[in-house]
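1. Could you look at this predicted model? Sequence included:
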Amino acid sequence: MSACAIATCPNYHRKTRGKGVIYHMFPICPNRNKIWILKCKWQDHINVKYARICSDHFRPSDCMDDMKNRLLGLNQKKIFKPDAVPSVNLPLQDNGEDISSRSERKRNRSTLQEAKIRLKCPSPKKA
């Protein structure tokens with residue numbers, strides 16, 4: 001199995017087996033895919049076909065309720081909202097500054113850029 005694609009994350013499948021850590025595939029939408037790649041903070045190319053990001057980097061609010069499996073009494077899957085982005089336990093900036101402690105202006109600018117990218121990405125079709 002795979003290791004987490006976030007640069008500083010020590011998680012890999014064998015280490016986290018049975019601990020409730022789930023490894024998520026990169027999104028199909030190219031624009032959201034770019035956001036996820038930027039959050040990984042790798043200098044090298046990431047092969048998104050095989051790369052995974054562990055559930056330790058997402059907030060509980062990034063997931064939707066798996067109503068179908070809940071009503072059928074089956075194991076519930078973590079289903080991401082269309083705009084879910086890794087935002088927890090991310091690597092530090094090059095200067096050692098935590099991403100969350102950036103200036104308010106930079107934070108607003110990146111949020112605006114991500115919102116523009118999300119608007120360009122078509123929403124997933126409902127089955």
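-> That came through, no problem.
2. hey, let's count contacts and neighbours off CA atoms from now on
-> Fine.
3. residues contacting Cys4?
-> Cys4 sits next to Pro10, Asn11, Tyr12, Tyr23, Ala51, Arg52, Ile53, Cys54 when contact means CA atoms under 8 Å, 6 or more residues apart in numbering.
4. out of these, who's nearest Ser2?
-> Tyr12 (6.0 Å; CA to CA).
5. what sits opposite that closest one in the beta ladder?
-> Legend: beta-bridge partners of Tyr12 under DSSP bridges are Ala3.
6. number of nearby residues for Ser55?
-> Ser55 sits with 18 neighbouring residues when counted by other CA atoms under 10 Å.
7. swap in Asp56?
-> As a burial measure, the neighbour count of Asp56 was computed by other CA under 10 Å and equals 19.
8. Could you look up the SS state of it?
-> Secondary structure of Asp56, reduced to three states by DSSP: H, G, I helix; E, B strand; the rest coil: helix.
9. end to end, how far does stretch 52-72 reach?
-> Using CA to CA, to the nearest Å, the end-to-end distance of stretch 52-72 comes out at 28 Å.
10. Understood, closing this out.
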